[in-house]
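Colleague: kindly generate the corresponding structure for this input.
(2 chains)
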Amino acid sequence: MLAYLIRRFSQAIFVMAVMATIVFFGLYAVGNPVDLLINPEADLAEQEATMRRLGLDRPVHVQFGYFLNGLMQGDLGTSFVHNRPALELILSRLPATLELAFLGILIAVGLGVPLGMIAGLRPEAPYSKLIMAGSVVGFSTPNFWQGLMLIMFFAVFLGWLPAGGRGDTIDVLGIPVSFLTWDGLSHLILPAVNVAIFKMSLVIRLTRAGTSEVALQDYVKYARARGLSPRRVIGVHILKNILIPVVTVLGLETGNVIAFAVVTETVFAWPGIGKLLIDSIGLLDRPVVVAYLMLTVFLFVMINLIVDIGYSLLDPRVRIKGDKA
Amino acid sequence: MKKMTIAAVALSLGAVTQPVYAQSLTAAFASEPSSIDPLYHNLGPNNATRKHMFEALVGEDENLGIVPMLAENWSISADGLTWTFKLRQGVKFHDGSDFSSRDFLYTACRIPNVPNSPSSMAGFIKSAQTIEAPDAATVTVTTAAPYPLLLTDFASFGVVSASANGHEGPVTYSKGGCEGIASYPDSNAYNDGSAAVGTGPYKFVEFVPGEKIVMARNDAYWGDAPHWEQITIRPITNEGARVAALLAGDVDVIEKPPVQDLERLRADPKVNVVQGASSRVIYLHFDHQGEPSPMIEGTDGKNPFKDVRVRKAVSLAIDRGLIVDRIMGGLAVPARQLVPDFMVGTDPAIALEEPNLSEAKRLLSEAGYPNGFKLTIGTPNDRYINDSKIAQAVAQMLTRAGIQTDVDAVTASVFFNRRNNYEFSLYLAGWGASGAGMASPLRALVASQNKEKGLGGTNRGRYSNPELDAVIGEALATVEPAKHKALLAQASKIVVEDVGILPLHFEVTPWALRAGLTMEPRADQHTVLTTVRPED
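Modeller: I've put the predicted structure just below:
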């Protein structure tokens, strides 16, 4: 187990290093952030002074050297725009995104698995067909459009929920969270639903496919013949056996929501890290973008690790081995 | 602050009531200020935000005319080198301390010492040789040569409190660096509110990056009492989301409503659209230097834009009125000079250019291009209102005149980098003139590039005209207003006649408000919420 973990971590570090290098040089090639940050009225001398101040006047390999040097000391650089350490900036926005991602996933699983099982157990029933048709709409319409429709219906037309932004927050262990106040929760619902729709459709389809396959297996028939209650048959014997693909996909999707909830965060003006990434790319704020993507790689590796461990809990045949990872 | 409360159970159909606090106002900005520190980042959203909390020595009204602010009046010595500002009496900072000349000196000292400033205010105090405070109510400034734009420069940065920045005792300004000030706080001291102490109509309450800036009314304000008890600025970068937030009642004012939605918003009884002329000119700049020029083909390596007849032909081929009508939907005013007539320094005798296709073709033949040539226009596609559409219209008009024109539209970050590396032969960009009027685009866009004199900073067409440079130089050294104005008009005329640059139109800036509210549009396109009022 320990060897396995060490191997996974060294893989992560390698991927992070490659990613950082590519992004660093890629953004350098796109352009000079000073062209965007500086007031157009600034004269040539001031333009050069600003480049010097931000260290952008040096050749790219020297800049990269400084970056590596900082990295060795755990310093991912300082944002050109905000004059704050890039990592600190990202971490300050992380709670908003995590909150959104987890509520979204919760909705997706909480509704998706039961609906998928209903559709799988009674494939011919009209309500099952309705569920499946709904899931097709859910993952074939663009996320962006869904978000705007949610806003138009629930915020503009009905006026029940706010159109965007984050509501009142309260600090829990120093971390601002919004789901503990009504105001915060009302701001959280629409974006979370927006995040959830696509995942939920995916979960419905995976669950249904699994259910209709597993329901015909001999052990399920045997369980029924033994006289176990339908509830126990469905809730334990079937459910446990269809969860492996669902957990795999959800693991990856959770990473996706945390790292790239860009669309939802933009449409709902949600102050999370996805919005920070987009704004930073637009302004070529290199330290933030590099730090962000390195963090993302780390996050994905960690999620995959958790998923692998989850497998072994769900399916005793899967064992984590130290010798091959 | 908007409060949403859910009555009854969470997701039941319980109605959500939205109490209207008559005295609070929420506005959605299209881009977020990078800091609360008024001296950190000299850029639109920051400068608009600071106007609520920090005041400059002199102010600019809606049309960017100079008005008294922290200085009640001022005078200039006969030789034009010494300015004396008499400060307004009884002005208090938000923390209750008195504003005095010491604070202005401290502000000037801090400007070059803001750590990691991505766009410094240093240019605004560059011309001042000495800044002194003979007494608490007087500031005197001397310049090395007569400098007419000093007031505009001093209107451009907010004055901070020396004490709130941790400096007690007197301040002595010196150009190389002030002595006796132990250290300057960095902008984070403003973002957390500890140093965010100004004299403006609103006081800092809270800044949550990416989310909101909250300010409360300054009841001790020296000027007209502000209308709203509390104002909140929310950054909503996506234009669709901004409109939705307005329609849903989350916000009361939005800036930059999408142009394609304006008709619908105007027709909506819940919305009031306000618009006003801006000082932002959209222009085409020629490559005056490259030979061959990077994006021109079919001229055997020659750069046709070095010939004034070709430049004139381009100007005649473009129907500015059509662009304003069809592309801009009326949200623009056709232009021929670099600033609109309500600003200082235009030549009223210059009429708009009438399109004339046959004359354009004749000039092209005369210049030796009877069959035209191939050209690609560079333009950003996300920076100015309808920027890439304007470039496409221009391309079609030029193609009709015989110059086969393509458009290379890219995102702003790529565009400005390529432009500053002189990769375009003809590019579209915009210039929002400061209160300096004609002097602002003249010295940045068309004066020959000159690092020592600080000229031609955005002259990426590398236009260079010694006759024009002489007039601009004289205008920038003439303090007497009438003479200064006449020289600017003269320079403007030279640029127009030589077609050194090609203004297309001035943007008109729209704002959308909740019905029942109105505001004063500003020519600098800044959203300043103190002017938002209930309609009578």
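Colleague: average pLDDT across the lengthiest helix in chain A?
Modeller: The residue-count maximum for a helix in chain A (DSSP state H) belongs to helix A:86-121. For helix A:86-121, the per-residue pLDDT values average out at 88.
Colleague: and if you look at stretch B:43-55?
Modeller: The predicted model assigns stretch B:43-55 a mean pLDDT of 94.
Colleague: what's the neighbour count on the closest residue to B:Gly372 other than its chain neighbours?
Modeller: With Cβ to Cβ, 6 or more residues apart in numbering or on different chains as the measure, B:Gly402 is the residue that lies nearest to B:Gly372, at 3.4 Å, once sequence neighbours are left out. Backbone N, C-alpha and C define where each C-beta goes, glycine included. If you count neighbours by other Cβ atoms under 10 Å in any protein chain shown, B:Gly402 ends up with 19.
Colleague: the one 5 residues further on now?
Modeller: In terms of burial, B:Val407 registers 20 neighbours under the definition other Cβ under 10 Å.
Colleague: buried ones in the host helix or strand of it?
Modeller: Using DSSP states H and E, B:Val407 maps to strand B:404-410. When burial is assessed from 16 or more other Cβ atoms under 10 Å in any protein chain shown, strand B:404-410 yields the following buried residues: B:405, B:407-410.
Colleague: on that earlier part again, just the buried residues of the longest helix of chain A, please?
Modeller: Residues of helix A:86-121 classed as buried by neighbour count (16+ other Cβ under 10 Å): A:86-87, A:89-90, A:92-105, A:107-109, A:112-121.
Colleague: contacting residues around the helix or strand just after that helix?
Modeller: On the C-terminal side of helix A:86-121, the closest following helix or strand by DSSP H and E is helix A:126-140. By Cβ atoms under 8 Å, 6 or more residues apart in numbering or on different chains, the residues outside helix A:126-140 that reach it are A:115-116, A:118-119, A:122, A:197-198, A:200-202, A:204-205, A:208.
Colleague: next one: the spatially closest residue to B:Pro304 that is not a sequence neighbour from chain A, what distance?
Modeller: If the residues on either side of it in the chain are set aside, B:Pro304 comes closest to B:Val310, at 4.4 Å by Cβ to Cβ, 6+ apart. Between B:Val310 and chain A the distance is 27 Å, computed by Cβ to the nearest Cβ, to the nearest Å.
Colleague: by contact count, what packs against the longest strand along chain B?
Modeller: Among the elements of type strand in chain B, defined by DSSP state E, the one spanning the most residues is strand B:271-286. In terms of contact count using 3 or more Cβ pairs under 8 Å, 6 or more residues apart in numbering or on different chains; DSSP states H and E, strand B:271-286 is assigned the packing partners helix B:262-267, helix B:308-317, helix B:387-400, strand B:426-432, strand B:501-514, strand B:517-518.
Colleague: how about these in a markdown table, adding mean pLDDT and mean neighbour count?
Modeller: Conversion of these to a markdown table gives the following (pLDDT from 0 to 100; neighbours: other Cβ atoms under 10 Å in any protein chain shown):
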| stretch | mean pLDDT | mean neighbour count |
| --- | --- | --- |
| helix B:262-267 | 92 | 14 |
| helix B:308-317 | 95 | 22 |
| helix B:387-400 | 95 | 20 |
| strand B:426-432 | 95 | 24 |
| strand B:501-514 | 95 | 24 |
| strand B:517-518 | 94 | 17 |
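Colleague: dump these to TSV, plus distance to B:Ser35.
Modeller: Listed next are the helices and strands packed on strand B:271-286 as TSV, based on distance: least, Cβ to Cβ, whole Å:
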stretch	distance to B:Ser35
helix B:262-267	31
helix B:308-317	42
helix B:387-400	27
strand B:426-432	21
strand B:501-514	24
strand B:517-518	28
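Colleague: for the ones you listed, which one sits closest to B:Thr143?
Modeller: With Cβ to Cβ as the measure, strand B:426-432 is the member of the helices and strands packed on strand B:271-286 nearest B:Thr143 (25.3 Å).
Colleague: isn't B:Glu255 right up against B:Val528?
Modeller: No. Here B:Glu255 lies out of contact with B:Val528, judged by Cβ atoms under 8 Å, at a distance of 10.5 Å.
Colleague: quick check: mean pLDDT across stretch B:467-485?
Modeller: What stretch B:467-485 shows for mean pLDDT is 94.
Colleague: what about B:Ala30, how many neighbours?
Modeller: As a burial measure, the neighbour count of B:Ala30 was computed by other Cβ under 10 Å and equals 17.
Colleague: brain fart, B:Pro170
Modeller: B:Pro170 is surrounded by 11 other residues when neighbours are defined as other Cβ under 10 Å.
Colleague: so what's it up against?
Modeller: B:102, B:180.
Colleague: and what of A:Val307?
Modeller: A:247-248, A:251-252.
Colleague: what residues does the stretch 201-350 of chain B have near chain A?
Modeller: Where the stretch 201-350 of chain B comes near chain A, counting by Cβ under 8 Å from any Cβ of the partner chain, the residues are B:208-212, B:234-238, B:240-241, B:244-245, B:247-250.
Colleague: in the stretch 301-450 of chain B, what residue is nearest chain A?
Modeller: Distances between the stretch 301-450 of chain B and chain A by Cβ to the nearest Cβ are smallest at B:Asn417, namely 3.0 Å.
Colleague: surely that residue meets A:Pro33?
Modeller: No. Between B:Asn417 and A:Pro33 there is no contact under Cβ under 8 Å: 9.2 Å.
Colleague: hmm, back to that, could you see whether chain B lies near the longest helix of chain A?
Modeller: Yes. For a cut-off given as Cβ under 8 Å from any Cβ, helix A:86-121 has contacts with chain B, namely A:89, A:92-93, A:96.
Colleague: now for the contacts of helix A:126-140: which two are most distant?
Modeller: The most widely separated members of the contacts of helix A:126-140, counting by Cβ to Cβ, are A:Arg122 and A:Phe198 (24.5 Å).
Colleague: of the two, which one has the most company?
Modeller: Ranked by neighbour count (other Cβ under 10 Å), A:Arg122 and A:Phe198 place A:Phe198 first, with 23 against 15.
Colleague: where does the more buried one sit: helix, strand or coil?
Modeller: State at A:Phe198, reduced to three classes by DSSP: H, G, I helix; E, B strand; the rest coil: helix.
Colleague: could you report the distance from it to A:Pro271?
Modeller: In this view, A:Phe198 and A:Pro271 are 22 Å apart by Cβ to Cβ, to the nearest Å.
Colleague: and A:Gly26, by the same measure?
Modeller: Counting by Cβ to Cβ, the gap from A:Gly26 to A:Pro271 is 26 Å.
Colleague: give me the more crowded residue out of these two.
Modeller: Between A:Gly26 and A:Pro271, counted using other Cβ under 10 Å, A:Pro271 has the larger neighbour count: 24 against 12.
Colleague: which SSE is that one in?
Modeller: Counting by DSSP H and E, A:Pro271 is found in no helix or strand.
Colleague: make sure it is actually in contact with A:Pro95.
Modeller: No. Contact criterion Cβ under 8 Å: A:Pro271 and A:Pro95 do not qualify, at 9.9 Å.
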